[in-house]
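**Q** Sequence first, then the predicted structure, then my questions.
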Amino acid sequence: MNKKALAEKVVDTMYANDFFSQWLGIERITIDPGHCILRMKIRKDMLNGFAIAHGGITYSLADSALAFASNSHGRKAVSVETSISHTEQLHEGDIITATAEETKLSNKIGIYHITVTNQKNEKVALFKGTVYRTSAEWFPA
């Protein structure tokens, strides 16, 4: 199986069992080894008391992008540290896109930067995640 096919198979398997990402309405746009693009729409039930998107919604989209990108090489990876900066408000109906880029990959650690943009291509959040790469394979030979 080539690397792209493996990445897609891993993410398909993860998504099928990821009921939270499904509830968010996440659409998988691009899946490649160490990289993914996800998109979703902000719904009314995602708003906080200020009538803007709860910060956990943007965080969750970026966290899913981290999970998919970091596992896409075929080894199981789990986050050990994450952080986010919210740079713009989001409202009901906004479409947000998370783009995960692998910046460092070693045998045990992966570092990823995820940029979240809105439908106007404005940066609305910046997320950084570090993962621990286990020795467990998603699909052992």
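**A** Cool, the structure landed. Since we're looking at a predicted model, the values are computed, not measured.
**Q** Return the distance of the longest helix seen in the chain from the chain's centre.
**A** Assignment by DSSP state H gives helix 55-71 as the longest helix of the chain. Averaging C-alpha positions (Cα atoms, centre = their mean, to the nearest Å) puts helix 55-71 3 Å from its chain's average.
**Q** mean confidence score for it?
**A** Taken as a whole, helix 55-71 has a mean pLDDT of 98.
**Q** List the buried residues in that helix.
**A** 57-71 (16 or more other Cβ atoms under 10 Å). To be clear about C-beta, it is placed using only N, CA and C from the backbone, and glycine gets the same treatment.
**Q** again with stretch 4-20
**A** Leu6, Ala7, Glu8, Lys9, Val10, Val11, Met14, Tyr15, Asp18.
**Q** which residues of the protein fall in strands?
**A** Assigned by DSSP state E, the strands in the chain fall at 27-32, 35-41, 75-86, 95-105, 109-117, 123-137.
**Q** elements contacting the last one?
**A** Using 3 or more Cβ pairs under 8 Å, 6 or more residues apart in numbering; DSSP states H and E as the contact test, the elements touching strand 123-137 are helix 55-71, strand 75-86, strand 109-117.
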